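Peer 1: fold the following, please.
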Amino acid sequence: MSGLPADLAKVLADVRRPGAFAVSGRVELPAPGVEVEGVGPVALPLLPAQAEQLLAAAGPAPYGRGTETLVDPAVRHCRQIGAERARLTGRRWAETLASMVDRAAAGFGLAGAVEAEFYKLLLYPPGGFFVGHRDTEKAPGMFATLVVVLPSLHEGGELRVRHRGREEHLDLRPADAGEAGFAAFYADCVHEVRPVTADCRLALIYNLVRKPGYVTAPI
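Peer 2: The predicted model follows:
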């Protein structure tokens, strides 16, 4: 556990029963409202014309290396819009998000409440990718990341997650416009996004957080 942030190390150390290191699945998507500052409402599935608008409104997505925050398209070719500029609405979106969080917690083998904090919206254009890396702790109590891939026409962009000699290959592309793919994984897992080969991959990123007094289980 050396080198891990204290909150993450606590989650991984307080073990009670076995669980997975990565959890994925699909959920029905009852038309969430996605609004982005400078673009307005985003229609789903994401079409190329609006993808271009979002890409123009977004900034380059950085990555962390030690104490540094860097931008290098040879490491991460991706654009981002922060949570302060994106708003998620829709009468049933909160229920849909809660169902994904509950499924992730059950797959991890966690007992007690897990909270999802919206972090950013990511866009991987054609050729976009992110090499293998580990997430940094972005909020107190953060122990895992939740990725929600929204409907679009993209190809490629597979998520690969590795941990202790095991590897999961996760194709999170929704099968149709009425669903979203999701994956959650512990922050110390090495993960990568494989190159997008067509159109634009649109994903919501959440920090999964445990508050003081939680009970957890092992991976």
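
Peer 1: what sits against the closest residue to residue 180 other than its chain neighbours?
Peer 2: Once flanking residues are discounted, residue 180 sits nearest to residue 29: 4.6 Å by CB to CB, 6 or more residues apart in numbering. In this view, the C-beta of every residue, glycine as well, is placed from N, C-alpha and C. Contacts here follow CB atoms under 8 Å, 6 or more residues apart in numbering; on that basis residue 29 touches 44, 96, 150-151, 174, 177-180.

Peer 1: taking those residues one by one, which sit in helices?
Peer 2: Among those, the ones falling in helices (DSSP state H) are residue 96.

Peer 1: most neighbours out of the contacts of residue 29, which is it?
Peer 2: residue 180 (24 neighbours; other CB atoms under 10 Å).

Peer 1: hmm, back to that, dihedrals phi and psi, the residue nearest to residue 180?
Peer 2: Main-chain torsions, residue 29, degrees, to the nearest 10: phi -120, psi 90.

Peer 1: change the start of the numbering to 67 and stick with it
Peer 2: All right, first residue 67 from here; so that's residue 95.

Peer 1: just the pLDDT for it.
Peer 2: You'll see residue 95 listed with a pLDDT of 82.

Peer 1: three-state assignment of the most centrally placed residue in the chain?
Peer 2: By CA atoms, centre = their mean, the mean C-alpha position of the chain lies nearest to residue 213, the distance being 2.2 Å. Following DSSP: H, G, I helix; E, B strand; the rest coil, we place residue 213 in the strand state.

Peer 1: residue 227 is in contact with that one, correct?
Peer 2: No. Taking contacts as CB atoms under 8 Å, residue 213 lies outside contact range of residue 227: 10.0 Å.

Peer 1: what residues are shared contacts of the two?
Peer 2: What both residue 213 and residue 227 touch, as defined by CB under 8 Å, 6+ apart, is the set residue 249.

Peer 1: circling back: and the two most separated of the contacts of residue 95?
Peer 2: 162 and 243 (14.4 Å; CB to CB).

Peer 1: picking that back up, from residue 139, how far out is the residue nearest to residue 246?
Peer 2: 31 Å (CB to CB, to the nearest Å).

Peer 1: residues contacting residue 269?
Peer 2: Counting by CB under 8 Å, 6+ apart, residue 269 touches 187-190, 213-216, 238.
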